[in-house]
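Visitor: fold the following for me, if possible:
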Amino acid sequence: MSDADESEPWAQALRRATGLLAEAGVDSPRVDAELLLAHVLGLGRGELLARVFAGAAGTAGEAERFAALVARRARREPVQHLTGVAFFHGLDLAVGPGVFLPRPETELLVDAVLAELTARPAAATVVDLCTGSGAIAAAVAAWAQEHGRDVAVTAVELDDEAASWARRNLEPHGVRLRQGDALVALPELEGRVDVVVSNPPYVPEAETPVQAEARLDPARALYGGDAAGMRIPVGIAARAAALLVPGGLFAMEHHETQGAALIETLGADGGFEDVRVHADLTGRDRFLTARRSAGPSGSQKMEE
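Guide: Next comes the predicted model:
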């Protein structure tokens, strides 16, 4: 059969691929099968589904490429590695091996930052520490562009591979990328930043990610530097306190077990007040927000 010959209808191929991925333990087998087929055909997922419903079939070559990707996904390669794209807060981000894949729950962290910027005057300075793929910084900058807001965004990333991905995602949105250690970054901005946001490494060192795909994320982006996973998050909070103006917002994702300890650390003598822990859509503690206090220490507040 030549590449121009038609294969089976895509609806049938999708059903078979969905079954294979479900048997392999993939969490969203149908969605992943659709994303892989859309990638093969160079279509958006909506356009793909319209063609599938109309009874379209592909060529033998397309079917072979689709089957090969499905087989790799069944071996638990992340779908984002196979397509080269991660969808995050309305953006298509370039990703691949060597960079932490952005998660849907982190969109809630972005929403907290955007709520803060919406309530502020048009001009603001935002810093994203441990930017990874640049997902958070890109989302904030894209929002500012869309709404005509004067928001200067700077992202910081230490790892060479992650920084190369971040550069691709940040340049279209005018975000400045600074490669270096987030724990000491941007001394020229100390006391001048309105919002500091971070999704730092925070996994406790003995914890192994449950999902096979998550275990392919670089360890440097996962583990928080000690048994409780707290060393790096606490260091990021200290850097945020140095960068922020009084009243400035700090927003940071963290492990579900770390909320109470972070409230105590940031509020007792960490330079923050109104420290609050927020849950994700599953009800797990997922990120905190805090205000930079005017004095050297903040006042501890109860969790929401």
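
Visitor: any idea which residue is closest to the centre of the protein?
Guide: residue 102 (2.7 Å; C-alpha atoms, centre = their mean).

Visitor: chain neighbours aside, what residue packs nearest to it?
Guide: Of all residues not flanking residue 102 in the chain, residue 135 sits nearest, at 3.9 Å (C-beta to C-beta, 6 or more residues apart in numbering). Just so you know, the C-beta spots here come from the backbone N, C-alpha and C atoms, and that holds for glycine as well.

Visitor: dihedrals phi and psi, that neighbour?
Guide: phi -60, psi -50 (degrees, to the nearest 10).

Visitor: what does residue 285 give?
Guide: Dihedral pair for residue 285: phi -60, psi 130, per degrees, to the nearest 10.

Visitor: and residue 38, how many neighbours?
Guide: 18 (other C-beta atoms under 10 Å).

Visitor: over to residue 12?
Guide: Neighbours of residue 12 using other C-beta under 10 Å come to 12.

Visitor: who are the packing partners of the top strand by length along the chain?
Guide: Longest strand in the chain, counting residues (DSSP state E): strand 244-253. Helices and strands touching strand 244-253, by 3 or more C-beta pairs under 8 Å, 6 or more residues apart in numbering; DSSP states H and E, are helix 106-119, strand 193-198, helix 231-243, strand 285-292.

Visitor: what's the most buried one of these?
Guide: Of those, the one with the most neighbours on average (mean count of other C-beta atoms under 10 Å) is strand 193-198, at a mean of 26.

Visitor: going by neighbour count, list what's buried in the helix or strand just after that one.
Guide: Once the chain leaves strand 193-198, the next helix or strand it forms, by DSSP states H and E, is helix 219-222. Within helix 219-222, the residues scored as buried using 16 or more other C-beta atoms under 10 Å are 221-222.

Visitor: equivalent analysis for stretch 54-73, please.
Guide: For stretch 54-73, by 16+ other C-beta under 10 Å, it's 57-59, 62-63, 65-67, 69-70, 73.

Visitor: what about those residues, which are in strands?
Guide: Using DSSP E, these in strands are 57-59.

Visitor: what's the closest of these to residue 106?
Guide: residue 58 (34.6 Å; C-beta to C-beta).

Visitor: these two touch, right, that closest one and residue 12?
Guide: No - using C-beta atoms under 8 Å, residue 58 is not in contact with residue 12; the gap is 10.9 Å.

Visitor: poorly predicted segments of the stretch 151-300 of the chain, please.
Guide: Regions of the stretch 151-300 of the chain meeting the criterion pLDDT under 70 cover residues 295-300.
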